[in-house]
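# I'd like to go over a predicted model; first the sequence, then the structure.
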Amino acid sequence: MRMQIARNVLWLVLERGLQVVFGIASIGMIARAIGPEGFAEFQYAQSLVLIASSVALICGAEVVVPRLVADRAPAAQHRLLVHVFALREAAAIVGYLMVMAMVALTEDDKVIVLTAIIIGIPILFYEPFGTVRAWLQASTNSRPAVVFGMIGLAFRVTAIGGLYLAGSNAAPTFAWVFAGEALICASLLARYYRKRSPRVAVGIDVSLAKRLLRDGTVFWASLMLMLLAKRIDQLLLKPHISLFELGGYAASMQVLDNFMLLSSIVASSVAPLMIYAQATYARVRRNVLYVAAGMLVAGIVGGAVLAFCAPWIVSLIYGDHYEAAADLLRLSAMASGLVFLDSALTLLVVYLGKPRWLVEKWFLVLTTMIVVDLIMIPMFGARGAVYGYVAGNAVAVMAGVGFFIRSREAMATGQQPV
């Protein structure tokens, strides 16, 4: 069993690693092809889509996987998955309509409007067909989903590379690649499940749908707040700086986001054995401290290297015209230790099954970022948004420390994780 879990984690880590490498390669080619202003439009449209896509995150793996593990009967699992898919697809349609409404009501830039409409198409595929990923996860068999994801990533890099070499310089053209990648992955997942699912008709059970909605609401809220916190900066920046400056800021944050993804990769890799497999709650808390200390050091060292190499990294990925991104990347890298530390402290919250704590944290983070951005952006422009980013992550760490202290009550009363 441990070997199966280890193989499953290795496949997930491999997928995350390839996402980082392929993501950097593809976004670099797009940035070079369309220039800072076009890249600003592309990234702004992507931010609008990411925020709207949070609506489709209903009934996440936290709700679905435990139910699948508890009942291994194929017919029962199929019935559950059909309901989850229906809920996610309905939410995805709402999310996509939100994208079209937002750009229609708030945007005069036709490039942003068209790019957002096209790049929003994956909303209709990723989470609904991600239901199959939850089914595979419950069976500790993530390999097929990882392979399908790799195929999609290969298509993305190949298609973007072809467009880049062909001299394409229109953001909407590149947006179609992301829509195609989503369609490919969804088709492969659907085909894989269809070959293995029971051929039984499933009637709609309103009570089951209500339970899934109720149980997933808290996780859903925390994810929506988190995605808002990740992209609210670009929405607040756009009215105050030029598209050229916004393109430089978006370039720096894209590099930073890919580096910060390593924090979740490390946390998810060490969690199964160091946290979730521990026999006592006291040992769990002790190991969380060990992981937090190690990840804090890794984040600080990695951030220092990132800051030192910022000009070279920006030049290598984005080429000319993005010089301003290097200074912003150097400044924002100072938050690396905070992000890595927050990922470690979050492991205890997940272990205890306290999604409301995550809602509290991300609400505080989002509020802090908005307040700091509204004050600092008019004064310092893009640097003001970086200050908001650092402040938000500092609040996330303070909330994590607060949760760790609050968790003493659970240990003192003998409370078990739920």
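Sure, I can see it. Numbering: from 1, shown residues only.

# any residues touching whatever helix or strand residue 341 lives in, and which ones?
Residue 341 belongs to helix 336-352 when elements are defined using DSSP states H and E. Contact partners of helix 336-352, identified using CB atoms under 8 Å, 6 or more residues apart in numbering, comprise 259-260, 263-264, 266-267, 271, 275-276, 284-285, 288, 291-292, 294-296, 298-300, 302-303, 306, 357-358, 361, 390, 393-394, 396-397, 400-401, 403-404, 407, 410, 417-418. Every residue, glycine included, has its C-beta placed from N, CA and C.

# Quick check on those residues: which are buried?
259-260, 263, 266-267, 271, 275, 284-285, 288, 291-292, 295-296, 298-300, 302-303, 306, 357-358, 361, 390, 393, 396-397, 400, 403-404, 407, 410 (16 or more other CB atoms under 10 Å).

# re the thing from before, how far off centre is the helix holding residue 341?
15 Å (CA atoms, centre = their mean, to the nearest Å).

# tell me which residues in whichever helix or strand comes after that helix are buried?
Using DSSP H and E, the next helix or strand after helix 336-352 towards the C-terminus is helix 355-380. Of the residues in helix 355-380, 355, 357-366, 368-370, 372-373, 376-377 count as buried by neighbour count, 16+ other CB under 10 Å.

# Check stretch 164-181 too.
164, 171, 172, 173, 174, 175, 177, 178, 179, 180, 181.

# Just the pLDDT for the last one.
In this prediction, residue 181 carries a pLDDT score of 96.

# Check residue 8 too.
Here the pLDDT value assigned to residue 8 is 59.

# And residue 74, by the same measure?
pLDDT, residue 74: 89.

# Now the nearest residue to it once chain neighbours are set aside. Its backbone dihedrals?
For residue 74, ignoring the flanking residues on the chain, the nearest one in space by CB to CB, 6 or more residues apart in numbering is residue 198 at 4.8 Å. As for residue 198, its main-chain torsions (degrees, to the nearest 10) stand at phi -70, psi 140.

# Residue 241 now?
Dihedral angles of residue 241 (phi, psi; degrees, to the nearest 10) stand at phi -130, psi 170.

# Can you give me the distance of residue 247 to residue 27?
Distance, residue 247 to residue 27, by CB to CB, to the nearest Å: 12 Å.

# Who has more neighbours out of the two?
residue 247 (28 against 24; other CB atoms under 10 Å).

# Please name the residues that touch the more buried one.
31, 35, 36, 37, 38, 39, 40, 43, 322.

# What segments of the stretch 201-350 of the chain are helices?
Under the criterion DSSP state H, counting those that start in this stretch, the stretch 201-350 of the chain contains helices at 206-237, 243-271, 281-308, 310-318, 323-332, 336-352.

# so which of those comes closest to residue 152?
Among those, the nearest to residue 152 by CB to CB is helix 243-271 (17.0 Å).

# Pretty sure residue 177 sits against residue 160.
Yes. In this structure residue 177 lies within contact range of residue 160 using CB atoms under 8 Å: 5.5 Å.

# quick one: common contacting residues for the two?
The contact sets of residue 177 and residue 160 overlap at residue 26 (CB under 8 Å, 6+ apart).

# picking up where we left off before, just give me the least confident of the contacts of residue 247.
Minimum pLDDT across the contacts of residue 247 falls on residue 322, with 90.
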